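Chemist: no FASTA, just this:
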């Protein structure tokens, strides 16, 4: 049997392959002409674009939320030439895709004169990342619109333009899909990749051939390269092979096994590893991270409503789909199940995929509203097929469904509006910025985003250990390290205040009220923010100290580097020679002499680079908020002892790194040139070296 021909059947005609729809409708037997369908599709796309564009600039310049910048940071780092994502809990295809998009963005910006080179492009992101976040969100919106069009084409592939339009309309207004097109996450790409895989599987179901089997396997490999959980598409692929094997002559199943499954597995693996080469090239780190992700997914944090099944069915699915679509999708799944048993048509694929995906999804102990997203195209196709069958009896079914879709569309608009409002985490950030004195230290157990580049190191910030529960000894350990403020999730402290902080007259006392999260935030992760102040004095000096010149503030290692304008970097206190471990923090104290006539706002700019690539950005405002510095008379010079926090991330690559610093007038672009000392004529000088080791 030739691998390019259909599998021979015992009986002539299409009956051996079961009931199937034509590859492309050739008439308007469903009552919708091509011109009418295109007009309706255009309207659906306009609605989808509006819903996905409203509130697109929310929380800029730096948004909050889980994984808010992972995709962007990894993709931008690939622009340095390091194509290893070093982040294997997600597949690499979204990183490469976004890196290519940023490359196109850079080419256009350079052609238009917006940036002069790679250095300016990088500094643009460090100074104000708003354009990068907005560009990424626009990409996700575009991907979402493409998904709507592809879903319409899949409906046409099944022989019904009406079904394609209804399914596209459902996807266009599904609230969870609308909202995640606003985020810089890979979920819209996953929906599109899953939809392409389902389309390829449907074509293989309609007519068996080696080419269609290989194309379906390649599409599944692409989906898996976007998110690992797309591997569950193998279930409908196996159902398709069984469908054709049962309809073939006796003895042909072995040839089908070799000519379809073996070929398909090769195509799947080739596509997957071509898009994820460092899973093989950096296998040790990949296995370590994947094992950590597996353990994380099985952490028992207590379900929302006793069990994941109940949590999804009573809260997360109604929240993500809206009650109207939740009912429609449920009815559509039941209809597809009955049709799959009676007709053994393409509905088998939809049912097998949804049931397999749901079964695995509801066994995970970490649950969230966006996990069901890949099922939306299959549910939309099934529900649209149900409505089309009802339309054969009464035309009111179609119009009733259209009117019903206004409910999730309105819900999506409400979510868009709420998304654009300041969230509780940002309100907490504003409060901390305005009330926590400069130089004080803060420990946080939730994402506290920096609003401005000059605010990044105004306070010392420690990240709480990633453990299921806060322990009193951890609080005491932070206090002993000089922490003056604790920013926690309210659900971590509710009912445990006396255990963690002692009675009201103990050293720790409640400082402000909790910030209540609005109901649209992901319910599991948003239970408000509480800020606590330590009443005992800190045991370490603040991050910045200002002395009247020429009072003593002598560094242990002198540098004598002078910048344009006369600001002198006197020296530093050298770091320990002992290597740092990932996820640890050290402090580097720098000493400056600031003449009387320099600008009031000076930014210390810096970076850590070395054999492991770019480690971190050190930009912050010199002595931010220190009254003797910002309010000094014009004729008074001063000396500043400024502490810089250097943190090696959990995934920092091992190697040697240089700590390089520069200086900038906050009101002007570009760093100040060095006029004397090490690095003369350049903009940054090396002040320390660190080593990252296991």
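Modeler: That came through, no problem. Note that the structure is a prediction, hence the values are computed from the model and not measured. Numbers count the residues shown, from 1 in each chain.

Chemist: residues near residue 51, how many?
Modeler: Close neighbours of residue 51, defined as other CB atoms under 10 Å, add up to 27. Yep, even glycine has a C-beta here, placed from its N, CA and C like the rest.

Chemist: which positions in stretch 375-395 come out as buried?
Modeler: Within stretch 375-395, the residues scored as buried using 16 or more other CB atoms under 10 Å are 375-388, 390-391.

Chemist: ok, stretch 671-688 next?
Modeler: Applying 16+ other CB under 10 Å to stretch 671-688 flags 671-672, 674, 679, 683-685, 687-688 as buried.

Chemist: follow-up on the earlier one: need the max-distance pair from the buried residues of stretch 375-395.
Modeler: Greatest spacing in these, by CB to CB: 375 and 391 (23.9 Å).

Chemist: just to check, residue 384 is in contact with residue 161?
Modeler: No - applying CB atoms under 8 Å as the test, residue 384 and residue 161 come out as separate, 10.8 Å apart.

Chemist: following the chain past the host helix or strand of residue 592, name the next helix or strand.
Modeler: Applying DSSP states H and E as the criterion places residue 592 in strand 584-594. Once the chain leaves strand 584-594, the next helix or strand it forms, by DSSP H and E, is strand 602-610.

Chemist: what's that following strand in contact with?
Modeler: If you take CB atoms under 8 Å, 6 or more residues apart in numbering as the criterion, strand 602-610 is touched by 453-454, 567, 590, 594, 614-622, 642, 644, 646, 655-666, 671, 684, 690.

Chemist: is there a quick ChimeraX command that grabs whichever of these are buried?
Modeler: A single ChimeraX command selects the buried members of the contacts of strand 602-610 (16+ other CB under 10 Å):
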select :453,454,567,590,594,614,615,616,617,618,619,620,621,622,642,644,646,657,658,659,660,661,662,663,664,665,671,684,690
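
Chemist: can you tell me which of the contacts of strand 602-610 are in strands?
Modeler: Among the contacts of strand 602-610, the residues falling in strands (DSSP state E) are 590, 594, 614-617, 620-621, 642, 644, 646, 655-665, 690.

Chemist: sorry, back to before: so which of the buried residues of stretch 671-688 comes closest to residue 462?
Modeler: Residue 462 has its nearest neighbour among these in residue 688, at 20.7 Å by CB to CB.

Chemist: run through the helices of the stretch 151-300 of the chain in chain order.
Modeler: 161-173, 175-180, 187-206, 210-226, 234-246, 252-256, 263-275, 278-281, 283-297 (DSSP state H, counting those that start in this stretch).

Chemist: just name the most buried of the ones you listed.
Modeler: Ranked by mean neighbour count under mean count of other CB atoms under 10 Å, the helices of the stretch 151-300 of the chain are led by helix 161-173, which reaches a mean of 27.

Chemist: helices or strands up against the host helix or strand of residue 531?
Modeler: Assigned by DSSP H and E, residue 531 falls within strand 529-534. Counting by 3 or more CB pairs under 8 Å, 6 or more residues apart in numbering; DSSP states H and E, the packing neighbours recorded for strand 529-534 are helix 424-435, strand 483-489, helix 490-493, strand 508-510.

Chemist: for it, buried residues please.
Modeler: Buried residues in strand 529-534, counted by 16+ other CB under 10 Å: 529-532, 534.

Chemist: ok, and the closest non-adjacent residue to residue 195?
Modeler: residue 377 (4.5 Å; CB to CB, 6 or more residues apart in numbering).

Chemist: so what's the one you found up against?
Modeler: 147, 151, 154, 167, 171, 191, 194-195, 198.

Chemist: I figured residue 203 hits residue 211, correct?
Modeler: No - applying CB under 8 Å, one finds residue 203 not in contact with residue 211, separated by 9.8 Å.

Chemist: would you confirm that residue 462 belongs to a helix?
Modeler: No - assignment of residue 462 by DSSP: H, G, I helix; E, B strand; the rest coil gives strand, placing it outside any helix.

Chemist: quick one: neighbours of it, just the number.
Modeler: Neighbourhood size, residue 462 [other CB under 10 Å]: 17.

Chemist: what about the nearest residue to it once chain neighbours are set aside, which SS state?
Modeler: Excluding the flanking residues, the one nearest residue 462 by CB to CB, 6+ apart is residue 443, at 4.5 Å. Assigned by three-state DSSP, the conformation of residue 443 is strand.

Chemist: run through the bridge partners of residue 665.
Modeler: Counting by DSSP bridges, residue 665 is bridged to residue 602.

Chemist: quick one, what contacts it?
Modeler: For residue 665, the contacting residues are 565, 599, 601-603, 672, by CB under 8 Å, 6+ apart.

Chemist: in which helix or strand does residue 639 reside?
Modeler: According to DSSP H and E, residue 639 maps onto strand 638-648.

Chemist: kindly apply the preceding question to residue 407 instead.
Modeler: helix 406-419.

Chemist: in three-state terms, label residue 688 for me.
Modeler: Quick answer, by three-state DSSP: residue 688 is strand.

Chemist: surely it touches residue 659?
Modeler: Yes - with contact defined as CB under 8 Å, residue 688 counts as touching residue 659 (4.2 Å).

Chemist: now the common contact residues for these two.
Modeler: residue 588.

Chemist: and the pLDDT for residue 355?
Modeler: You'll see residue 355 listed with a pLDDT of 94.

Chemist: sorry, back to before: okay, the buried residues of strand 529-534 in a markdown table with pLDDT next?
Modeler: Listed next are the buried residues of strand 529-534 as a markdown table, based on pLDDT from 0 to 100:
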| residue | pLDDT |
| --- | --- |
| 529 | 67 |
| 530 | 73 |
| 531 | 74 |
| 532 | 74 |
| 534 | 72 |
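
Chemist: one step back: comparing the helices and strands packed on strand 529-534, which yields the minimum mean pLDDT?
Modeler: If you rank those by mean pLDDT, strand 508-510 sits at the bottom with a mean of 45.

Chemist: same for the strand holding residue 592, what does it pack against?
Modeler: strand 568-572, strand 638-648, strand 685-692.

Chemist: what helices and strands are in contact with the shortest one?
Modeler: Other elements packing on strand 568-572 under the criterion 3+ CB pairs under 8 Å, 6+ apart are strand 557-563, strand 584-594, strand 685-692.

Chemist: quick one, whichever helix or strand comes after the strand holding residue 531 and strand 584-594 angle?
Modeler: Using DSSP H and E, the helix or strand that follows strand 529-534 in sequence is strand 544-548. If you take axes from the mean of the first three to the mean of the last three CA atoms, to 10 degrees, strand 544-548 sits at 20 degrees to strand 584-594.

Chemist: what average pLDDT does strand 544-548 get?
Modeler: 79.

Chemist: for it, the distance to its chain's centre please.
Modeler: On the basis of CA atoms, centre = their mean, to the nearest Å, strand 544-548 sits 41 Å off its chain's mean C-alpha point.

Chemist: domain parsing for this protein?
Modeler: Listed by automatic domain parsing, the domain ranges of the chain are 33-417, 424-534, 544-692.

Chemist: now the end-to-end length of the first one.
Modeler: The first and last residues of domain 33-417 sit 37 Å apart, counting by CA to CA, to the nearest Å.

Chemist: which two in the buried residues of stretch 671-688 are spaced the farthest apart?
Modeler: Longest span within the buried residues of stretch 671-688, CB to CB: 672 and 688, 20.0 Å.

Chemist: buried sites along stretch 327-342?
Modeler: Applying 16+ other CB under 10 Å to stretch 327-342 flags 328-329, 332-333, 335-337, 339-340 as buried.

Chemist: give me the contact list for it.
Modeler: For stretch 327-342, the surrounding residues in contact (CB under 8 Å, 6+ apart) are 170, 321, 345, 347-348, 350-351, 354, 379-380, 382-386, 389, 401, 404.

Chemist: could you export the helices and strands packed on strand 584-594 to CSV, including columns for distance to residue 180 and mean pLDDT?
Modeler: As requested, these are exported to CSV (distance: least, CB to CB, whole Å; pLDDT from 0 to 100):
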stretch, distance to residue 180, mean pLDDT
strand 568-572, 45, 93
strand 638-648, 30, 81
strand 685-692, 35, 91
